[in-house]
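[1] Need a 3D model of the sequence below.
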Amino acid sequence: MHQPDKVANLVGPILALDLGQKRVGVAASDSMLISITKLPPLTRSNWKQLLRDVGELVRSLDARTLVIGLPLSLEGAKGPAALEAEYTAGKFAQSLKIPVYLQDERLSSVEAEEQLRAAGKTAQEMRDLIDCQAAAIILMDFITGGQARVQVPIP
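    Numbering: from 1, shown residues only. Sure thing, here's the model as predicted:
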C-alpha cells in the first residue's frame, strides 16, 4: 500500500476537508493512518461557523493535522476556488494551532462520483455522499504521499 518512510513524519488522526460553496466534505484517518472514515458533510455558511464546526471536529477526533483540498485546474493553475482554499487554509492554520496542508484535489470529485456509481448509489445518494467521498480521496492521496507535502504557513 504505502511506504512507511512517506508517513513517518505524519501524526494522526488527520482530518481532511473538501471545501465546497454550500457543503464541506469531511473525512478522518485513525491515529495509525490505516483507515479513513467519511463523516457527515458540514453546511457552509460563514467563516465563524465553519471554524467552530471544524474546531469541534479537531477536538472530538483529537486530530493532529488538517488537510484541505486544493482545486487546481487540470493544467495545475490556480483559479478563484484554489485561491479561496489557500486563504481559508491560512485562516485555519492561524486559528487551530495544528499543522495545515493543502492537497492537490484535481479530479477527486470525478473519482468520487465514479466510485459511488460503481457502488450502485442512486443520483440522490451520490449528491449526498460526493463531498465526503472526495474528502476521503484527498486524505488517501495525502497519506500515500504521491506528491510533495507543503504545509500552510501561519500568516
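[2] Tell me how far the residue lying closest to Asp62 once chain neighbours are set aside lies from Ile34.
    In space, Asp62 comes closest to Pro13 once its chain neighbours are excluded; the distance is 6.2 Å by Cβ to Cβ, 6 or more residues apart in numbering. (C-beta placed from N, C-alpha, C; glycine too.) Per Cβ to Cβ, to the nearest Å, Pro13 is found 11 Å from Ile34.
[3] how about the longest helix seen in the chain: buried residues?
    Determined from DSSP state H, the single longest helix within the chain is helix 123-144. Across helix 123-144, burial judged by 16 or more other Cβ atoms under 10 Å covers 126, 129-143.
[4] From the contact counts, what lies against that helix?
    strand 14-19, strand 23-29, strand 36-43, strand 65-70, strand 100-104, helix 108-118 (3 or more Cβ pairs under 8 Å, 6 or more residues apart in numbering; DSSP states H and E).
[5] and after it, which helix or strand comes next?
    Going down the chain from helix 123-144, the next helix or strand is strand 150-151, by DSSP states H and E.
[6] List the strands paired with that following strand, with their directions.
    For strand 150-151, the paired strands and their directions (DSSP bridges) are strand 100-104 (antiparallel).
[7] Mind listing residues that contact stretch 126-136?
    With contacts defined as Cβ atoms under 8 Å, 6 or more residues apart in numbering, stretch 126-136 is touched by 16-18, 20, 23-27, 36, 38-41, 69, 105, 108-109, 111-113, 115-117, 121.
[8] pLDDT on the helix or strand that contains Lys91, on average?
    Using DSSP H and E, the element containing Lys91 is helix 80-96. Averaging pLDDT along helix 80-96 yields 94.
[9] Give me the pLDDT value at the residue lying closest to Lys121 once chain neighbours are set aside.
    Leaving aside its sequence neighbours, Lys121 sits nearest to Leu129 (Cβ to Cβ, 6+ apart; 6.5 Å). Looking at Leu129, its pLDDT reads 82.
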